[in-house]
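Enquirer: show me how the following folds:
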Amino acid sequence: MSSGTALLGPAIARLRAAGVPDPARDARRLLAHALGVAPERLTLVLPEPVGLEAAAAFGDLIAARAARRPVSHLVGTRAFFGRDFTVSGDVLDPRPETETLIAAALELDWHSVLDLGTGSGAILLTLLAERPGATGLGIDVSGPALAVAARNRAQLGLDARAALRPGDWLDGVTGCFDLIVCNPPYIPETDYAALEPEPRLWEPRLALTPGGDGLAVYRDLAPKLGQTLSPGGTVLFEVGAGQAAAVAGMLRAAGFPKVGCCADLDGRDRVVCATLAPENR
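Expert: I've put the predicted structure just below:
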């Protein structure tokens with residue numbers, strides 16, 4: 001039997017040849033998964049012999065990663081805002097950039113939240129986990145995505161506070177919410193083909209691009225949001241590179257008197273924030 005150290009070298013070389021951006025990191029993460037140990041403990045067990053079953057599992061994982069399947073899909077989880085969320089090819093992986101939206105939402109006073117296009121539920125469930133006593137509703141057109149969100153909801157013990165429903169954005173949504181959050185598909189059609197293989201081949205196209213210039217969902221939602229927000233309520237949209245000004249303009253045209261942007265850690269406008277006047281409905 002080979003040791004973990006002996007298995008790592010060829011695995012890293014195979015991932016490097018496949019163009020994986022950080023082959024050593026990914027090979028170590030996948031070996032830890034195959035061995036059933038925490039990633040931070042891998043160094044301690046590397047000199048030990050690896051059983052045939054674990055070695056075969058590791059080989060399969062490396063082959064899948066060489067095909068550019070995301071590590072998160074292979075290990076089944078993705079970290080987001082300090083929690084691990086179940087993910088699969090049915091949902092968009094939560095990205096670090098989206099934590100900008102979470103941080104912005106937690107600066108606001110709200111007790112009810114609507115998450116449009118909830119996917120894995122990472123945004124909705126993180127907000128509710130961080131705001132005890134609040135309630136929320138997640139909407140998604142994809143049944144398989146809602147199944148992933150339901151699993152995450154159960155894992156976080158939020159069944160009583162987070163409702164999940166199938167739906168096409170705001171269609172059929174009743175009542176008003178203090179906060180609406182949305183990370184819609186926004187990649188322009190011309191940019192989609194240039195994406196890295198991981199999202200382009202393994203994540204749902206529907207969650208990445210609406211086609212055209214990428215702004216279709218914002219155009220559709222902006223005029224309707226005022227009917228679903230409580231007076232003085234706020235909407236937070238994640239946006240792509242160079243889209244913040246256009247989305248902010250749509251919200252101003254829809255009657256939102258207070259519109260601003262929040263930058264991510266790279267200094268890019270990542271979230272557009274719009275607040276309804278207290279007297280509007």
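Enquirer: helix, strand, or coil at Asp115?
Expert: Remark: Asp115 carries the secondary structure label strand [criterion: DSSP: H, G, I helix; E, B strand; the rest coil].
Enquirer: run through the bridge partners of it.
Expert: In this structure, Asp115 bridges to Gly138, Val181 when assessed by DSSP bridges.
Enquirer: what's in contact with stretch 194-206?
Expert: Applying CB atoms under 8 Å, 6 or more residues apart in numbering, the contact partners of stretch 194-206 are 68-70, 73, 89-93, 141-142, 145, 185, 187, 192-193, 208. Heads up, the C-betas are built off the backbone N, CA and C, glycines and all.
Enquirer: all strands of the stretch 101-250 of the chain, in order?
Expert: Counting by DSSP state E, counting those that start in this stretch, the stretch 101-250 of the chain has these strands, from start to end: 112-116, 135-140, 162-166, 177-182, 229-238.
Enquirer: got a markdown table for those, with distance to Thr275, mean pLDDT and mean neighbour count too?
Expert: Written out in a markdown table, the entries for those read as follows (distance: least, CB to CB, whole Å; pLDDT from 0 to 100; neighbours: other CB atoms under 10 Å):
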| stretch | distance to Thr275 | mean pLDDT | mean neighbour count |
| --- | --- | --- | --- |
| strand 112-116 | 15 | 98 | 24 |
| strand 135-140 | 19 | 98 | 23 |
| strand 162-166 | 24 | 98 | 17 |
| strand 177-182 | 10 | 98 | 24 |
| strand 229-238 | 5 | 97 | 22 |
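Enquirer: so for Val45, which of those sits nearest?
Expert: Proximity to Val45, assessed across those by CB to CB, is greatest for strand 162-166 (37.8 Å).
Enquirer: as TSV, the strands of the stretch 101-250 of the chain with distance to Ile62 would be great.
Expert: Below are the strands of the stretch 101-250 of the chain laid out as TSV (distance: least, CB to CB, whole Å):
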stretch	distance to Ile62
strand 112-116	35
strand 135-140	32
strand 162-166	35
strand 177-182	37
strand 229-238	33
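Enquirer: to Asp84, which of those strands lies closest?
Expert: Comparing those by their distance to Asp84 (CB to CB), the top pick is strand 162-166, with 17.0 Å.
Enquirer: report the strands that pair with that closest one, each with its relative direction.
Expert: The strands that strand 162-166 pairs with in its sheet are strand 135-140 (parallel) (by DSSP bridges).
Enquirer: other residues contacting the strand it pairs with?
Expert: Where contact means CB under 8 Å, 6+ apart, the residues beyond strand 135-140 that reach it are 111-119, 121, 124, 127-128, 146, 149, 161-167, 169-170, 173, 177.
Enquirer: what residue is smack in the middle of this structure?
Expert: In the chain, the residue lying closest to the centroid (CA atoms, centre = their mean) is Pro94, at 2.1 Å.
Enquirer: any idea how far Leu215 is from that one?
Expert: Separation of Pro94 from Leu215 (CB to CB, to the nearest Å): 22 Å.
Enquirer: then Asp171?
Expert: Taking CB to CB as the measure, Asp171 falls 19 Å from Leu215.
Enquirer: which of those two has more neighbours?
Expert: The neighbour count for Asp171 versus Leu215, taken as other CB atoms under 10 Å, is higher for Leu215 (19 against 9).
Enquirer: sounds good, over and out.
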